[in-house]
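[1] Based on what follows, work out the 3D shape:
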Amino acid sequence: MSSTAATDVYCPLWRRLAALVYDLLAVVAIVMVVGYVCQRVTGGTVVTTDGHAHIAWWYQPLQAVVVSAYFLASWLRGGQTLGMRPWRIRVTNADGQRITPLQAVIRLAVAAAPMLLLGLATWMGPRGAAWAMLIAWIAWFGVAAADSRKRALHDLVAGTELRRMA
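    Numbering: from 1, shown residues only. Coordinates of the predicted model:
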């Protein structure tokens, strides 16, 4: 990758969100494949029902690790996820270079932090927790609308930015 040049253009929020929709499709596919493999390996006991659904204690952490690995590997390998490629977006550091593993982990952790609000479902109900998470993500990405370099909160914290490629 080249260093920062006059031709670099910061990624607008709408383009970032469009890429996120594409990535959502990739994540759903990954989750489905991991779920299928887990069901086959365990003989169909990952999810059981006795009037209520019971999920194996290790299943959701495994899904989180696999989805996290997708994002980390994509950002570190080429600076792009599958969703970022058609929109010609690349994640870089402030100098326009590849991000470091630490930056990638920080970016992932901050971007995923609103998902912790799903833990409020016990008190707020599933719908309330989902709304809380959505509002937090709107705030996270809303920062990009005010930032001169179009950085979302996770980019500000990690020292990264998204650039449109020429």
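[2] Using the three-state scheme, assign Gly79.
    Three-state call for Gly79 (DSSP: H, G, I helix; E, B strand; the rest coil): coil.
[3] That one contacts Arg98, correct?
    Yes. Using Cβ atoms under 8 Å, Gly79 is in contact with Arg98, at 6.0 Å. For every residue, glycine as well, the C-beta is placed using N, CA and C.
[4] more crowded one of the two?
    Gly79 (22 against 17; other Cβ atoms under 10 Å).
[5] I'd like to check which residues are in contact with the more buried one.
    Met1, Arg90, Val91, Thr92, Arg98, Ile99 (Cβ atoms under 8 Å, 6 or more residues apart in numbering).
[6] from those residues, which is closest to Gly35?
    Gly35 lies nearest to Val91 out of the contacts of Gly79, by Cβ to Cβ, at 27.8 Å.
[7] mind listing what whichever strand or helix holds the closest one pairs with, with the direction of each?
    Per DSSP states H and E: Val91 is located in strand 89-93. The strands beside strand 89-93 in its sheet (DSSP bridges) come out as strand 160-164 (antiparallel).
[8] now the contacts of Gly79 in a markdown table, with distance to Ser68 and pLDDT?
    Below are the contacts of Gly79 laid out as a markdown table (distance: Cβ to Cβ, whole Å; pLDDT from 0 to 100):
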| residue | distance to Ser68 | pLDDT |
| --- | --- | --- |
| Met1 | 23 | 47 |
| Arg90 | 20 | 95 |
| Val91 | 15 | 96 |
| Thr92 | 20 | 95 |
| Arg98 | 19 | 95 |
| Ile99 | 15 | 96 |
